[in-house]
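Colleague: I would like to see how this sequence folds:
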Amino acid sequence: MTDADIADLFRGLGPVTVRRMFGGKGIYHQGVIVALEVDGEVLLKADAESAPAFRAAGSRQWVYAGKPGRRAAAMPYWSIPDAALDDPDAMAQWAQRAFAAGLRARR
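Modeller: Next comes the predicted model:
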């Protein structure tokens, strides 16, 4: 996914910056990480408050496999709900949830 594609996906949230990290990309809004792009998929940040909504919408949590011989780790990033992929207004709402989770993580 190109940086322009990512910016378009998040246009309802506002401007984002994209930085390379962990073999993928970190996606930031107002200096707060809101998502990752890993293997061509965008994963939105969530936390204990917002993860239940992602689960209820059919999203799946990203599990980082890590190095061979190490235990996999569930990460605080979730797939974008299918319904939001074709609906800019819904995507903006999910992106806002990710931004709120990012703000809470800073505390």
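
Colleague: and the residue minimising distance to the centre of the chain, which helix or strand is it part of?
Modeller: By CA atoms, centre = their mean, the chain has its centre lying nearest to Leu44, at 1.6 Å. Element membership for Leu44, per DSSP states H and E: strand 41-45.

Colleague: identify each buried residue in that strand, please.
Modeller: Val42, Leu43, Leu44, Lys45 (16 or more other CB atoms under 10 Å). Using the backbone N, CA and C atoms, a C-beta is placed for each residue, glycine as well.

Colleague: what's the answer for stretch 18-32, then?
Modeller: Val18, Gly24, Lys25, Gly26, Ile27, Tyr28, His29, Val32.

Colleague: number of residues surrounding the closest residue to the last one other than its chain neighbours?
Modeller: Yep, that's Val32 we're talking about. Excluding its sequence neighbours, the residue lying closest to Val32 (CB to CB, 6 or more residues apart in numbering) is Gly102, at 4.0 Å. By other CB atoms under 10 Å, the residues close to Gly102 number 23.

Colleague: avg pLDDT for the longest helix belonging to the chain?
Modeller: Using DSSP state H, we find that the single longest helix of the chain is helix 88-106. Average pLDDT, helix 88-106: 97.
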